[in-house]
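[1] fold the following.
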Amino acid sequence: MTRSILHVDMDAFYASVEMRDNPELRGKPVIVGGLGGRGVVAAASYEVRKYGVHSAMPMREALQRCPHAVCVKPRFERYKAVSSTVFEIFHRFTPLVQGLSLDEAFLDVTHSQRALGSAESIARQIKQLILEQTQLTASVGVAPNKLVAKIASDLRKPDGLVVVTPEQVTSILDPLPIRRLHGLGNKTAPLLERIGIVTLRDLRLAPDATLRSVFGKYTSQMKARAAGEDDRPVIPDYDEKQISSETTFDKDIVDPSQLHAVLAQLADRTAARLRAQGWLSERVTVKIRRHDFKTYTRQCAVRPATQETKPLAEAAAKLLNEWIKAQPRTPIRLLGVGAGDLTAQPQLELFAAQESKKNQHLDAALDGIRAKFGNTAVSRASSLKHREPR
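    All right, here's what the predicted structure looks like:
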């Protein structure tokens, strides 16, 4: 089976967060980085990149190139918080997420497509959710492997989406300059350019004897990379023991009916991810965070193991009701629904078969509509009291 790999790269992440949080910075050449004598550029807005400023450049040199740049001290805790939201979005679509940094990750969505739509559709959904929930843009490359996906994500920045099919790999990579090939250092590229190898096509077709003086025993490997060959798997940052969805409210919520509407949406989202990833769950957890940041979790077993929305939502609703009864009229700032004790083997009891079949038909219909028209195209009646969690 041909793999479908996404490389998602936030656009000028640190600088974009600063401009979002401080509208006065928008449209200005912004540099995020240390301001001391040995300070370096952590991030550069697209406005300042026109002057040749880029990340990892000494701040002194950056200011020589663009004296009127606005310098902002990094706020890494802020960036981590935004990154957490972005990665939560990634995990809605696949457990195979390999983070490279706070603002960059590979996603293997090969087995997510049956329930969630094509790889391109998933990429568009991810971009839209990131924009809605963070007001930031991301560029995405979609390809059969990690190497090509990473190159593709950089081709139309900012806010880009480039899809490379297996048949297009050669035609898209061939015209690109060799410096587009990740891992080809600044010292190696001039050596190749000096002998007339300036594009990936040149590198792909060059005789081994010509390249050995540059790459030695790695000659074949580098030619294969220039041809877009890469069999590295996406290695997730951790084995997912629970699939969950949560949302933090703009304003604390007290109304139980409003809370249950949000809970229904979260249960629906969690169940959809179970189906997309082929898991059944034997345990439901509800996460509740009060206005004073005190956090509670309530959980219960679900028998038989399921990936259907209805039994998961019903179990979650019961847990929330019990908590509300113990703490009535308590303002809530965050709500979450998790599915744990994951198993890949169905354990359907005979007496539940007919009801389960109805649930599965409904779930499949909703998954299909969302895959075709987007996550917000259809909602269950139980979730209509409150809009999509953000």
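
[2] now the strands for the protein?
    Residue ranges of the strands in the chain, as given by DSSP state E, are 5-10, 30-33, 41-44, 70-72, 97-101, 104-108, 138-143, 161-163, 243-253, 280-290, 295-306, 332-343.

[3] okay, these in CSV with distance to residue 185 next?
    To be clear about C-beta, it is placed using only N, CA and C from the backbone, and glycine gets the same treatment. Compiled in CSV, these are given as follows (distance: least, C-beta to C-beta, whole Å):
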stretch, distance to residue 185
strand 5-10, 20
strand 30-33, 23
strand 41-44, 19
strand 70-72, 29
strand 97-101, 18
strand 104-108, 19
strand 138-143, 22
strand 161-163, 24
strand 243-253, 40
strand 280-290, 46
strand 295-306, 46
strand 332-343, 42
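
[4] take these and lay them out in TSV including distance to residue 194, mean neighbour count and mean pLDDT.
    Output for these, formatted as TSV (distance: least, C-beta to C-beta, whole Å; neighbours: other C-beta atoms under 10 Å; pLDDT from 0 to 100):
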stretch	distance to residue 194	mean neighbour count	mean pLDDT
strand 5-10	30	26	98
strand 30-33	33	25	94
strand 41-44	29	24	92
strand 70-72	37	19	94
strand 97-101	31	16	90
strand 104-108	32	23	96
strand 138-143	30	26	98
strand 161-163	30	20	98
strand 243-253	52	17	87
strand 280-290	59	21	93
strand 295-306	60	16	91
strand 332-343	55	21	90
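
[5] would you mind telling me which of those strands is nearest residue 195?
    Residue 195 lies closest, by C-beta to C-beta, to one member of the strands of the chain: strand 138-143, at 28.8 Å.

[6] alpha carbons only: can I get the closest one in PDB?
    The C-alpha coordinates for strand 138-143 follow below in PDB (Å, rounded to 0.1, in the frame of the first residue of the first chain):
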ATOM      1  CA  ALA A 138       0.400  26.300   8.400                       C
ATOM      2  CA  SER A 139       1.900  24.900   5.200                       C
ATOM      3  CA  VAL A 140       1.400  21.300   4.400                       C
ATOM      4  CA  GLY A 141       3.100  18.900   2.100                       C
ATOM      5  CA  VAL A 142       1.300  15.600   1.100                       C
ATOM      6  CA  ALA A 143       3.400  12.900  -0.400                       C
END
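
[7] how much does it deviate in direction from strand 5-10?
    Here strand 138-143 points in a direction 160 degrees away from that of strand 5-10 (axes from the mean of the first three to the mean of the last three C-alpha atoms, to 10 degrees).

[8] other SSEs contacting strand 138-143?
    Packing partners of strand 138-143 (3 or more C-beta pairs under 8 Å, 6 or more residues apart in numbering; DSSP states H and E): strand 5-10, helix 119-134, helix 146-153, strand 161-163.

[9] how does it look with 10 Å?
    For strand 138-143, the packing partners by 3 or more C-beta pairs under 10 Å, 6 or more residues apart in numbering; DSSP states H and E come out as strand 5-10, strand 104-108, helix 119-134, helix 146-153, strand 161-163.

[10] now do that strand: distance to the chain's middle.
    Per C-alpha atoms, centre = their mean, to the nearest Å, the displacement of strand 138-143 from the mean C-alpha position of its chain is 10 Å.

[11] next: stretch 230-248.
    Relative to its parent chain, stretch 230-248 has a centroid offset of 10 Å by C-alpha atoms, centre = their mean.

[12] where does the stretch 101-250 of the chain dip in pLDDT?
    Applying pLDDT under 70 to the stretch 101-250 of the chain flags residues 237-241.

[13] for the residue nearest the centre of the chain, which non-adjacent residue is spatially closest?
    Centroid-nearest residue in the chain: residue 90, 3.1 Å away (criterion: C-alpha atoms, centre = their mean). Once flanking residues are discounted, residue 90 sits nearest to residue 97: 4.7 Å by C-beta to C-beta, 6 or more residues apart in numbering.

[14] contact partners for that neighbour?
    6, 8, 87, 89-91, 105-109, 234-238, 240 (C-beta atoms under 10 Å, 6 or more residues apart in numbering).

[15] same check on residue 83?
    Contacts of residue 83 (C-beta under 10 Å, 6+ apart): 10, 13, 17, 76, 99, 101-105, 134.

[16] could these be laid out in CSV, adding distance to residue 319?
    Formatted as CSV, the contacts of residue 83 follow (distance: C-beta to C-beta, whole Å):
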residue, distance to residue 319
10, 35
13, 36
17, 35
76, 35
99, 31
101, 36
102, 33
103, 35
104, 36
105, 32
134, 29
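
[17] any idea which of these is closest to residue 179?
    Residue 179 lies nearest to residue 104 out of the contacts of residue 83, by C-beta to C-beta, at 18.7 Å.

[18] so that closest one touches residue 146, yeah?
    No - shown here, residue 104 and residue 146 do not form a contact pair, counting by C-beta atoms under 10 Å, at 11.8 Å.

[19] which residues are in contact with both of these two?
    Here residue 104 and residue 146 have 7, 98 as joint contacts, going by C-beta under 10 Å, 6+ apart.

[20] so how far is residue 119 from residue 11?
    Per C-beta to C-beta, to the nearest Å, residue 11 is found 20 Å from residue 119.

[21] who has more neighbours, the two?
    The neighbour comparison of residue 11 against residue 119 (other C-beta atoms under 10 Å) goes to residue 119, with 26 against 17.

[22] ok, now which ones touch that one?
    3-6, 93, 107-110, 112-113, 140, 142-144, 149, 163, 165.

[23] can we see that at 7 Å?
    Applying C-beta atoms under 7 Å, 6 or more residues apart in numbering to residue 119 gives the contacts 4, 6, 109, 113, 142.

[24] can you check residue 186 too?
    Contacts of residue 186 (C-beta under 7 Å, 6+ apart): none.

[25] for it, phi and psi?
    Main-chain torsions, residue 186, degrees, to the nearest 10: phi -70, psi -20.

[26] that one and residue 56: what is the separation?
    Distance of residue 186 to residue 56, computed by C-beta to C-beta: 11 Å.
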